[in-house]
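Chemist: How does the following fold in three dimensions:
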Amino acid sequence: MLVLATIAVILVVIFDYTNGFSDAANIIATVIASRAMTPIQAVIVVAVFEFLGPILGGTAVANAIGKFIDVSPLPQSTAMIIVLCGIVGAISWNLLTWWFGIPSSSSHALVGGLVGATLVAAGAGYVKWGFDDLMHGKVDGVAKILVGLVLSPLIGFGLGWLLQKTMMRIFARAKPGVNKWFRRSQFVTSAFLAFSHGANDAQKSMGIITLVLVLSGQLATFAVPFWVILTCASAITLGILSGGWRIVRTVGFGIFKVRPLHALDTQLTAAAVISAASILGAPVSTTHVVSSSIMGIGTAERPKAVRWGKAQEILSTWIITIPGSAIVGVLCYLVSLIFYRG
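Modeler: Reported below is the predicted structural model:
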């Protein structure tokens, strides 16, 4: 169990790193596209606040992610292998979408990988779906995760549209020199976005590591240790520093031509939505929220200027992420089963 737990923790840390790696562009793209900072300045500002996010952001999201599957009744080895295969599925999907420069969702990938491995190994009864509870007004389990993942981009679009319309009215007669203020303000808004991203996304890995520790008998109850928080904060920050630069062009230039005001509004919108979700304990996709915020802001100003073809490409990626990562999780489990039997 100790060996399996160690391998699982290492894999989760790698997943956390790839999460930061693939999401770096989502946080930095608008800053670079609006020329508010140089790439080096952006990475430094983002990395500092990305590290602080998991440490100061609580554990509400970790509790949601760590409890939507319940494999504790299974034999320890089986339970650990399920978690391992789910993590491998999520990592594989992150790397695949990064390679092709497609914005994807690490949250979707993690959920898909774990659900796929659990379904094929133990059955649907070991997944806490939460749909019955949802009908009675209680949001829990997979339903809670899906509600957050589905609603957050819609809220991001609407809030981005509203904020852009408001700012356009306030600064309708402003001189071009106001762009200098918009650029300087992004030192604050990009830090806010980085903090909110770290607080939400790193907690997903914190939840899985805590689940591994409980399943392996290292912890008696589900409570995130501080060393887990520190480890996940470090891993996601290193991922941000490495940067998935392939996606910068897609997010910063491929959806809408981002100027200083658009960048400022995007960062404010995305940070507000992600922070609210973290407080409520709902994991969300930074990719979804940032991309939809840009679309809402672009629609508020010039709907025809929004590259809806690129938006459609991103949307299709969102739709296939959960089943795609679930299939990878299933394949990983089948391979591990053959190896175990052999």
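Chemist: Quick one: the helices in the stretch 201-342 of the chain, in order.
Modeler: For the stretch 201-342 of the chain, the helices defined by DSSP state H, counting those that start in this stretch cover 226-242, 248-252, 260-280, 286-301, 308-341.
Chemist: what's the nearest residue to the residue nearest the centre of the chain if we skip its chain neighbours?
Modeler: If you average the C-alpha coordinates of the chain and look for the closest C-alpha using C-alpha atoms, centre = their mean, you land on residue 285, 3.8 Å from that point. Spatially, and ignoring its direct neighbours in sequence, residue 285 is nearest to residue 105 (3.7 Å; C-beta to C-beta, 6 or more residues apart in numbering). Where C-beta positions appear, they are placed from N, C-alpha and C, glycine not excepted.
Chemist: Roughly how far does the one you found sit from residue 112?
Modeler: Going from residue 105 to residue 112 by C-beta to C-beta, to the nearest Å gives 9 Å.
Chemist: and if you look at residue 145?
Modeler: Here the criterion is C-beta to C-beta. By it, residue 145 lies 11 Å from residue 112.
Chemist: just residue 63 next, same as before
Modeler: Taking C-beta to C-beta as the measure, residue 63 falls 20 Å from residue 112.
Chemist: So which of these two has more stuff around it?
Modeler: Ranked by neighbour count (other C-beta atoms under 10 Å), residue 63 and residue 112 place residue 112 first, with 26 against 18.
Chemist: what angle do the one helix or strand the more buried one maps to and helix 308-341 make?
Modeler: Element membership of residue 112, judged by DSSP states H and E, is helix 106-121. When axes from the mean of the first three to the mean of the last three C-alpha atoms, to 10 degrees is applied, the directions of helix 106-121 and helix 308-341 differ by 40 degrees.
Chemist: What mean pLDDT does helix 106-121 get?
Modeler: For helix 106-121, mean pLDDT is 88.
Chemist: Isn't residue 264 up against residue 181?
Modeler: No: in terms of C-beta atoms under 8 Å, residue 264 does not count as a neighbour of residue 181; the distance is 9.2 Å.
Chemist: of those two, who's got more company?
Modeler: Neighbours were counted for residue 264 and for residue 181 using other C-beta under 10 Å; residue 264 has more, 29 against 14.
Chemist: Run through who's touching stretch 69-83.
Modeler: Outside stretch 69-83, the residues within contact range by C-beta atoms under 8 Å, 6 or more residues apart in numbering are 1, 4-5, 8, 114-115, 117-118, 121-122, 126-128, 208, 211-212, 214-217, 333, 336, 340.
Chemist: what's the offset of that stretch from the middle of its chain?
Modeler: How far stretch 69-83 lies from its chain's middle: 25 Å, per C-alpha atoms, centre = their mean, to the nearest Å.
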